[in-house]
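prediction below, plus the sequence it came from.
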Amino acid sequence: MDTYSTEDQQIEAIKRWWHEYGKAIILGSAIGLAGLFGWRYYQTQQLETQATGAEAFERISRELATQGSEAFDSAAAFVSNNQGNSYGELAALLLAAEAVKANDLALAQQQLEQALAGTDDAALANTIRLRLARVLIATDALDAAQGRLDEVTGDAFAAQKHEIQGDLFLARQQPGEARAAYEAARTAGGVGENPALTLKLDNLAAQPEQGE
């Protein structure tokens, strides 16, 4: 025998069930749909923001490449407006590189410090520290350069770290230590695509031993 013997009883049971649970189902569905559409809207907005950021970054990159120091102000403004995201960090690195070419080492240091403070990516942070150490050596801030070098970790950065350490020893008038650091860089694989390292080793080899 069916649970509800007549059609009227079945209808009444459905009405009671709907009265008890129907509103909750509608509300739950509405919340679910709102969440779904909200998430899709959020994703769309994120994609649009990323696209806008990418276009702006490409523009800044082109300006730096073609205009040099004339684009420094607009690039610095872009970096300031994009702190905490990858576009801002990458733009800061590009700006720092162009600033070094223009011998504006103060700007290069400022941009690298800003990029380092804003990134949580370990590999990028190590790259920034190495570049910052080079700039600090060029400004004769040797203790600060050593501090940044000491923060660099990981085998992937060993060759660059040893080479810059050699540059730092040379700046301190310590050619023997510099040679050892350059040799360590070569052992770590730094010579392969780095003719500058080979040149540094050759120059030190040509120096008389008593000059150490």
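Structure received.

quick one: residues in contact with stretch 148-158.
Contacts of stretch 148-158 with the rest of the structure, by CB atoms under 8 Å, 6 or more residues apart in numbering, involve 122-123, 126-127, 129-130, 132-133, 136, 161, 164-165, 168, 184-185, 188. Backbone N, C-alpha and C define where each C-beta goes, glycine included.

run the last query once more with 10 Å
By CB atoms under 10 Å, 6 or more residues apart in numbering, the residues outside stretch 148-158 that reach it are 112-113, 116, 122-123, 125-137, 141, 160-162, 164-165, 167-168, 184-185, 187-190.

could you give the mean pLDDT of it?
Confidence for stretch 148-158, expressed as mean pLDDT, is 94.

now stretch 69-79
91.

ok, and for the host helix or strand of residue 143, which residues are buried?
Take DSSP states H and E as the rule and residue 143 turns out to sit in helix 142-151. By neighbour count on 16 or more other CB atoms under 10 Å, the buried set for helix 142-151 is 144, 145, 146, 148, 149.

please pick the buried ones from the contacts of stretch 148-158.
Using 16+ other CB under 10 Å as the burial test, these include 112-113, 116, 125-137, 141, 160-162, 164-165, 167-168, 184-185, 188, 190 as buried.

in strands, which of these appear?
Among those, no member is found in strands (DSSP state E).

now the strands for the protein?
Counting by DSSP E, the chain has no strands to list.

nearest spatial neighbour of the residue nearest the centre of it, skipping sequence neighbours?
What sits nearest the mean C-alpha location of the chain, by CA atoms, centre = their mean, is residue 124, with 4.7 Å. Spatial nearest neighbour of residue 124, chain neighbours left out: residue 89 (6.7 Å); criterion: CB to CB, 6 or more residues apart in numbering.
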